[in-house]
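**Student:** can you look at this prediction? I've put the sequence above it.
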Amino acid sequence: METVLLFRFEIISAVLILALITASLFKLDRNVKSFISAMNIILFITFLTGLIPMTEGDYFSGFFSTDRLVVLEKNILNLGVLLISLASYKWIAKSAERIEFYILMLSSVLGVYLMLSAGNILMLYLGMEMSSLPIAAMANLNLNDRRSSEAGTKFILSLAFSSGVMLFGISLLYGAVGDLSFQNLMENLYPDPLTIFSFVLILSGFVFKMSAVPFHLWTADVYEGSPVPVTSFLSVISKGSVVFVLMTVLYTVFGKLQTEWLYSITILSVLSMTVGNLFALRQKNAKRFFAFSSIAQVGFVLVGITGASAVSVSTIVYFILIYLLSNIMAFGVIGAIEDKIGSESLEKYKGLYKSNPLLALMMAIALFSLAGVPPLAGFFGKLFLLAAGFKSGIYILLSFAAANLVLSLYNYLRIVKFMFIDETDAPVEKISPGTSLKIVLYVCLAGLIVLSFSGPFFSFIHSLSL
């Protein structure tokens, strides 16, 4: 029973994928409402299983390893998958590829689970590829939209390049050490030209997958061309999982190279924050705006990573949860508006408060949280990231972070201005959010409020990080 608990997420996902493949053969999704409801119930049960207490364990000669912090990270992502599924009810109901959407999403999530539990670089690579490849197909699920096809093509080509670079780095690392297990790498890895070069290549693979500068060029086009649920998945699940893994790899496998990677992470952080915020200034498409917003947010996460302490770990996990709730709330509103008027233009948001006060208010709260406006949870998330980064002693990085906080505030307030202040002759019609979307918006709102005043929850994360 203990073994089953350790593999609970992986077992549920694998069984569900097989069940969905079988269902697709017999067209069992013809009753759309029952099918989507059943999927949401299963995803909710998966999230609840993550709350069951468990012990730590290693299996398959250390290839698979899990502990309470890893389970928490997986369950945060499980919550995100559930909320995305609920928020996307209308799109899924209208799509002829609804079963394929769930198969691909769960296949990606299964890869995320394996990646987070990896105790070997080879398992980490396989999990990362398994989590990334289905996203290329998901991006192309709007089969009648040329932008969707372009998004899938651009993603798969960029992914192939980054995977090749990362695999080359892994091969050099194996040549330098003779083993790819985390434990042996921690004990036998020392800074020399070969290991540093292999680290640079491996880091490049991570940087691509979390769309940090300078490997960010695919992000805006893929975000814009993908269906809103896929964009939301890319924004929070894919990005959040890679951040979790990068943090683990830097602090454990490459712990002896901290002096070397500290300045690399600093440069990546400064570039990501600055480029992301500057390019967001000129965006007129909502999904492209949030693409560059996500790049800037990665820059702030990297500030926390530079702290290299248990506080950094707990702060990053805490921030990713806040980021997840904020982004899913925002994409829920974007999806509702796109479903109604077929447009993602930010100009269409003018006067939104008069015609759709609930959606405008929820979007404003999400934007304030992403900007770090008190007393919302995003303020504490960014404050803790800066406090964790302060331990690195690289004060110029904190100066750039402070300047970018002001710049990002302007970016997010620009959309708030559109919704609440600007006038228009043709505001968005009255939108009636479905029950599922309302549940998502209220859950995200409650989560952001609770996290704003939840010292015990942060302390719990910190206890797992020690």
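**Tutor:** That came through fine.
**Student:** could you pull out the helices for the stretch 101-250 of the chain?
**Tutor:** For the stretch 101-250 of the chain, applying DSSP state H, counting those that start in this stretch gives helices covering 121-139, 146-177, 182-188, 193-209, 219-225, 228-233, 239-251.
**Student:** most neighbours per residue, which of these?
**Tutor:** helix 228-233 (a mean of 27; mean count of other Cβ atoms under 10 Å). Quick note: C-beta positions are derived from backbone N, CA and C, even for glycine.
**Student:** in the protein, which residue is most central in space?
**Tutor:** The residue lying closest to the centre of the chain (Cα atoms, centre = their mean) is Val236, at 2.4 Å.
**Student:** roughly how far does the residue lying closest to that one once chain neighbours are set aside sit from Ile103?
**Tutor:** Nearest non-adjacent residue to Val236, counting by Cβ to Cβ, 6 or more residues apart in numbering: Leu324, 4.5 Å away. Plainly put, Leu324 is 23 Å away from Ile103 if you go by Cβ to Cβ, to the nearest Å.
**Student:** picking up where we left off before, my read: the residue nearest to Val236 touches Gly240, true?
**Tutor:** Yes: between Leu324 and Gly240 there is a contact under Cβ atoms under 8 Å: 6.2 Å.
**Student:** tell me the contacts of the residue nearest to the centre of the chain?
**Tutor:** Residues near Val236 by Cβ atoms under 8 Å, 6 or more residues apart in numbering: 80, 84, 323-324, 327-328.
**Student:** swap the cut-off to 7 Å and go again
**Tutor:** With contact set as Cβ atoms under 7 Å, 6 or more residues apart in numbering, Val236 has these partners: 80, 323-324, 327-328.
**Student:** tell me where the chain has strands.
**Tutor:** Applying DSSP state E to the chain gives strands spanning 57-59, 64-66.
**Student:** that older thread, and the residue nearest to Val236, how far is that from Leu361?
**Tutor:** Counting by Cβ to Cβ, the gap from Leu324 to Leu361 is 20 Å.
**Student:** of these two, which one has the most company?
**Tutor:** Taking other Cβ atoms under 10 Å, Leu324 and Leu361 do not tie; Leu324 has more neighbours (24 against 17).
**Student:** how close does the more buried one sit to Leu302?
**Tutor:** As judged by Cβ to Cβ, Leu324 and Leu302 stand 18 Å apart.
**Student:** contacts only, for the residue nearest to Val236.
**Tutor:** Applying Cβ under 7 Å, 6+ apart, we find Leu324 in contact with 76, 80, 236, 240.
**Student:** try 10 Å
**Tutor:** Neighbouring residues of Leu324 by Cβ atoms under 10 Å, 6 or more residues apart in numbering: 76-77, 79-80, 83-84, 232, 235-237, 239-240, 444, 447.
**Student:** what's the answer for Asn404, then?
**Tutor:** 269-270, 272-274, 276-278, 296, 299-300, 303, 411.
**Student:** just the buried residues out of the residues you listed, in ChimeraX syntax.
**Tutor:** In ChimeraX, a selection of the buried entries from the contacts of Asn404 looks like this (16 or more other Cβ atoms under 10 Å):
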select :269,270,272,273,274,276,277,296,299,300,303,411
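**Student:** and of the contacts of Asn404, the nearest to Ser392?
**Tutor:** Nearest to Ser392 among the contacts of Asn404: Val303, at 8.5 Å, using Cβ to Cβ.
**Student:** quick check: closest non-adjacent residue to the closest one.
**Tutor:** Gly389 (4.0 Å).
**Student:** give me the neighbour count for that neighbour.
**Tutor:** By other Cβ under 10 Å, the residues close to Gly389 number 28.
**Student:** so it makes contact with Thr266?
**Tutor:** Yes: proximity of Gly389 to Thr266 meets the contact threshold set by Cβ atoms under 10 Å, at 9.1 Å.
**Student:** give the residues shared as contacts by those two.
**Tutor:** 302-303, 305-306, 397.
**Student:** now the two most distant members of those.
**Tutor:** Using Cβ to Cβ, the shared contacts of Gly389 and Thr266 span at most 11.0 Å, a distance reached by Ile305 and Leu397.
**Student:** if we can go back for a sec, who touches both of Leu324 and Gly240?
**Tutor:** Counting by Cβ under 10 Å, 6+ apart, the common neighbours of Leu324 and Gly240 are 76-77, 80.
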